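J.: here you go, sequence then predicted model.
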Number of protein chains: 2
Amino acid sequence: MARNTQVAADPHAPPVTRTLARFVATHPSRGWSDAVDHEAHRTFLNWVGCAAGAAEHEAARAALAAVAMLQPAPQATVLGRRERVDMASAALVNGITSHTFDFDDTYLKTIIHPAGPVASALFALAEVTGATGRQLVDALVLGIDVSCRLGNAMYPDHYDRGWHITGSTGTLGAAAGCARLLGLDEERTAMALGIAASQPVGMREQFGTMTKPFHPGGAARAGLLSALLAKHGFTASPKAIEAPRGYVQVVSTKCDWAEATDDLGSRFEISFNTYKPFACGIVIHPAIDACVQLRAKGVRPEDVERIELRVHPLVLELTGKKEPQDGLQGKFSVYHGCAAGIFFGQAGEGEYEDAVVRREDVTALRRKVVATVDDAVDEAAADVTAILKDGRREHVRVEHAIGSLERPMTDANLEAKFRSLAEPIMGARRTADLIEACWNLGAAPGVAALATLGRP
Amino acid sequence: MARNTQVAADPHAPPVTRTLARFVATHPSRGWSDAVDHEAHRTFLNWVGCAAGAAEHEAARAALAAVAMLQPAPQATVLGRRERVDMASAALVNGITSHTFDFDDTYLKTIIHPAGPVASALFALAEVTGATGRQLVDALVLGIDVSCRLGNAMYPDHYDRGWHITGSTGTLGAAAGCARLLGLDEERTAMALGIAASQPVGMREQFGTMTKPFHPGGAARAGLLSALLAKHGFTASPKAIEAPRGYVQVVSTKCDWAEATDDLGSRFEISFNTYKPFACGIVIHPAIDACVQLRAKGVRPEDVERIELRVHPLVLELTGKKEPQDGLQGKFSVYHGCAAGIFFGQAGEGEYEDAVVRREDVTALRRKVVATVDDAVDEAAADVTAILKDGRREHVRVEHAIGSLERPMTDANLEAKFRSLAEPIMGARRTADLIEACWNLGAAPGVAALATLGRP
């Protein structure tokens, strides 16, 4: 997070988006010469002729066969919703929702969130094709391997330049996974990767808007469609990833090919996947973790006189907001994070709701947190002491927060996180069944039962 | 075409696409440790929880409302086919077919084929929403203006680096057009452009494969969906096009902002659209044009002793194939082009069928063409003399070929081209009606009648 990601760029560009939007939205109908209007008709006529003329071409047949697989439309589940949609749309929406809280998984080396694009595409496809759970798990491992490896080949240049690496590599991971799930051979899998290579999704300028979670969703949809097209004979360059005017060289200045293929089949990138325990930036996690541990030691809000917090300077630089007014501001407040840790023993999405951030008792506890910066405390660490009203002191030092590679979330931690997310949507009973179905996925005859549980 | 488009690139990259494809297609099921397999289940569990947890978020609602508009699925026409599909798929397939023969329109300044992405998205959307023909024409002019202007801002750097500029700007043009057709206000139009800005489609490495025509199709689909999402409240950065980590700066080193907005509303880029008269590379067009004119002067194949052709050196460098063996090779043979011009008076897709290229009489005429290079002949020109068996000589010099900005295709030329494309698919009667419907589009109450005519 402290890394310098400056790039040569023009921060003084005029408001082109706004200007074009105003023009498109407000320019009067037929606000141009007859010649322009006639040219529009010529353009349209020529387009109709070209499209109709190629209607029997093999590319048209392949594309139609692929999109025909999106029918009948209510074929795939949107997790947590009753309605079913076509599988491309399900891949899109599940990809969006899985990244909406920025609370999903993280491949820390490149900050890729690998499941969003890959799992979203695979789950939708598996529900339609009737693939076994084992086939889905295999495809998940292999798809994530492809996207993370391509990320390694391009990171950090690709990310620094402005690509949201989750979506820009995710299309290829999703295509790889779907090709595997469809049982495509090497040749058609190369075509699936090739078609996907033309569709990187996502720029970092979108951070803070819904288009950020759109990126894994769009990547899932694009990767899924690429595999469907390849299955039906659609072609792409067999060098689409590595050619001079192919994917990697077009979207990155760094092209470390060895990262893409070394130890293929012996080192699996999914091994290095991590899961956020708290619904906020990684930099606050050690402090929250320490406060959760204080709570486990018996520290109660009403007993607290003062919380002394020593952290790396970056923590206050990025998350030093003392009086957050709503949930979003709360995510940038290490003070609120600490209060949540002691109050609730967790800091999930629920602890960042506006109402919680504004609660009087939470606010009161937050104001008792005194933070000081200490260069001797590592960025990954936090040192917290609770001074209680009765004079007792409880101290916790965290060197690596829960959720890091050094101290991964346990399965029980993951289940608790899952419950905090799913129970408000579908209740405790169904949530428990869904957890069980996820653990048993590799042995399941298919995903139909799990998908049914996923619809409240 | 002669321009040097060399870029710093690595032509010696290893076969990454092939290696990853083989790995994904052939690595054994569960060919990894139990720890890796368990991590896959943890990744999946965490993904399900995150997706289900955000199921009621406003981003989920907006995305579902957008994809719900893709129903009922048989809602939009694929030109030249009987089946109807959902409108996103129709935008995709019509975008593919309109570019399949590489015979569509060209905005020569940047080699953008503007109708593919924009018209494909608009036609599908208009059929579903019941927009008037006038609304469609307005949206076509404005959408093409946006994509061509963004192309001008980035060309040639963007294209040289490897982006297929038709697809990479087309997403934004399609989004702009669809936003207009949907009647979105300035704010939501900016969001549509913003969502589209995260989805440039297309790399030049794909030229020669079906993924080249996929690019305008993918752009049409992505732009259409961006507008649907914006309509339902999905958000994006309002500076998505111009920000340092936004679209233009991420995909291009050249960022000439004035090109995007100067003379907006007074100069319309569709005015500079051109239409290919012949289904082959632009460089052969002057020679074919001259031969078509010779035919009009009464030159008949059986009377020809010899055809003397003087052309710019580039013509033979790129299209000097003397004995083409099939249709594709024929497109790289100025000799076949000249023969087709004299034989048929045209060189559409039909004149490049394998059987035509192999015809004995066509081959015999082709062999009578003697081409010499002449530096005094411009790249846009051709000088052709027919020496007939009776000793007569007919001479035609073309300075600018039919289809260029200087000598645009007449409406009659466009109709003839249309017939050559559409009649084999839907017969003469229906083709004539469809031409009429296209010319009357701006006055039509909707596109339903035209769409019906477009289905054979």
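T.: Received, thanks.
J.: which residues touch whichever residue of the stretch 351-456 of chain A sits closest to chain B?
T.: At 2.9 Å from chain B, A:Leu421 is the closest residue in the stretch 351-456 of chain A, using C-beta to the nearest C-beta. For glycine as for every other residue, the C-beta is placed from the backbone atoms N, C-alpha and C. By C-beta atoms under 8 Å, 6 or more residues apart in numbering or on different chains, the residues touching A:Leu421 are A:101, A:103, A:348-349, B:49-50, B:52-54.
J.: same question, A:Thr43
T.: B:105, B:114-115, B:119, B:140, B:144, B:270, B:273.
J.: which non-adjacent residue is nearest A:Cys148?
T.: A:Glu269 (3.6 Å; C-beta to C-beta, 6 or more residues apart in numbering or on different chains).
J.: quick one: A:Asp138 and A:Ala176 touch, right?
T.: No. Between A:Asp138 and A:Ala176 there is no contact under C-beta atoms under 8 Å: 11.3 Å.
J.: of the two, which one has the most company?
T.: Between A:Asp138 and A:Ala176, A:Ala176 has the larger neighbour count (other C-beta atoms under 10 Å in any protein chain shown), namely 34 against 26.
J.: could you find the closest non-adjacent residue to that one?
T.: Closest to A:Ala176 by C-beta to C-beta, 6+ apart is A:Val146, at 4.0 Å.
J.: buried sites along stretch A:260-274?
T.: Buried residues in stretch A:260-274, counted by 16 or more other C-beta atoms under 10 Å in any protein chain shown: A:260-261, A:264, A:268-271, A:273-274.
J.: farthest pair in those?
T.: Spanning the widest gap among those are A:Thr261 and A:Thr274, at 23.9 Å by C-beta to C-beta.
J.: average pLDDT for stretch A:263-277?
T.: Taken as a whole, stretch A:263-277 has a mean pLDDT of 97.
J.: tell me if I am right that A:Glu379 is in a helix.
T.: No. Assigned with DSSP: H, G, I helix; E, B strand; the rest coil, A:Glu379 falls outside any helix and is coil.
J.: neighbours of it, how many?
T.: Neighbour tally, A:Glu379, other C-beta under 10 Å: 15.
J.: and if you look at A:Asp433?
T.: Neighbour count for A:Asp433, taken as other C-beta under 10 Å: 15.
J.: same check on A:Asp390?
T.: 7.
J.: pull the contacting residues for it.
T.: A:Asp303.
J.: helix, strand or coil: sort out A:Val396 for me.
T.: strand.
J.: you'd agree it is up against A:Val292?
T.: No. Using C-beta under 8 Å, A:Val396 is not in contact with A:Val292; the gap is 9.1 Å.
J.: more crowded one of the two?
T.: Comparing A:Val396 with A:Val292 by other C-beta under 10 Å, the one with more neighbours is A:Val292, at 23 against 20.
J.: which element, helix or strand, includes the more buried one?
T.: Taking DSSP states H and E as the criterion, A:Val292 maps to helix A:285-296.
J.: is that helix up against chain B anywhere?
T.: No. Helix A:285-296 stays clear of chain B (C-beta under 8 Å from any C-beta of the partner chain), getting no nearer than 15.6 Å.
J.: can you check what angle separates the helix or strand that comes right after that helix from helix A:285-296?
T.: Sequence-wise, the next helix or strand downstream of helix A:285-296 (DSSP H and E) is strand A:304-311. Inter-element angle recorded for strand A:304-311 and helix A:285-296: 150 degrees (by axes from the mean of the first three to the mean of the last three C-alpha atoms, to 10 degrees).
J.: who does strand A:304-311 touch, helix- and strand-wise?
T.: helix A:285-296, helix A:334-344, strand A:369-373, strand A:382-388 (3 or more C-beta pairs under 8 Å, 6 or more residues apart in numbering or on different chains; DSSP states H and E).
J.: now A:Lys276: how far from A:Phe332?
T.: Distance, A:Lys276 to A:Phe332, by C-beta to C-beta, to the nearest Å: 16 Å.
J.: neighbour count for the two, which is higher?
T.: A:Lys276 (24 against 17).
J.: next, the more buried one: phi, psi?
T.: Phi and psi for A:Lys276, reported as degrees, to the nearest 10, are phi -70, psi 130.
J.: so it sits against A:Gly403, correct?
T.: Yes. When contacts are counted by C-beta under 8 Å, A:Lys276 is listed as touching A:Gly403 (5.8 Å).
J.: so what sits against both of these two?
T.: Counting by C-beta under 8 Å, 6+ apart, the residues touching both A:Lys276 and A:Gly403 are A:His285.
J.: can you tell me which residues contact A:Thr100?
T.: A:Thr100 neighbours (C-beta under 8 Å, 6+ apart): A:210, A:213, B:50, B:54, B:57, B:59-60.
J.: export those residues to JSON lines and tack on secondary structure, neighbour count and distance to B:Lys254?
T.: Formatted as JSON lines, the contacts of A:Thr100 follow (DSSP: H, G, I helix; E, B strand; the rest coil; neighbours: other C-beta atoms under 10 Å in any protein chain shown; distance: C-beta to C-beta, whole Å):
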{"residue": "A:Met210", "secondary structure": "coil", "neighbour count": "24", "distance to B:Lys254": "30"}
{"residue": "A:Pro213", "secondary structure": "helix", "neighbour count": "28", "distance to B:Lys254": "31"}
{"residue": "B:Cys50", "secondary structure": "helix", "neighbour count": "32", "distance to B:Lys254": "39"}
{"residue": "B:Ala54", "secondary structure": "coil", "neighbour count": "27", "distance to B:Lys254": "39"}
{"residue": "B:His57", "secondary structure": "coil", "neighbour count": "18", "distance to B:Lys254": "39"}
{"residue": "B:Ala59", "secondary structure": "helix", "neighbour count": "24", "distance to B:Lys254": "34"}
{"residue": "B:Ala60", "secondary structure": "helix", "neighbour count": "23", "distance to B:Lys254": "38"}
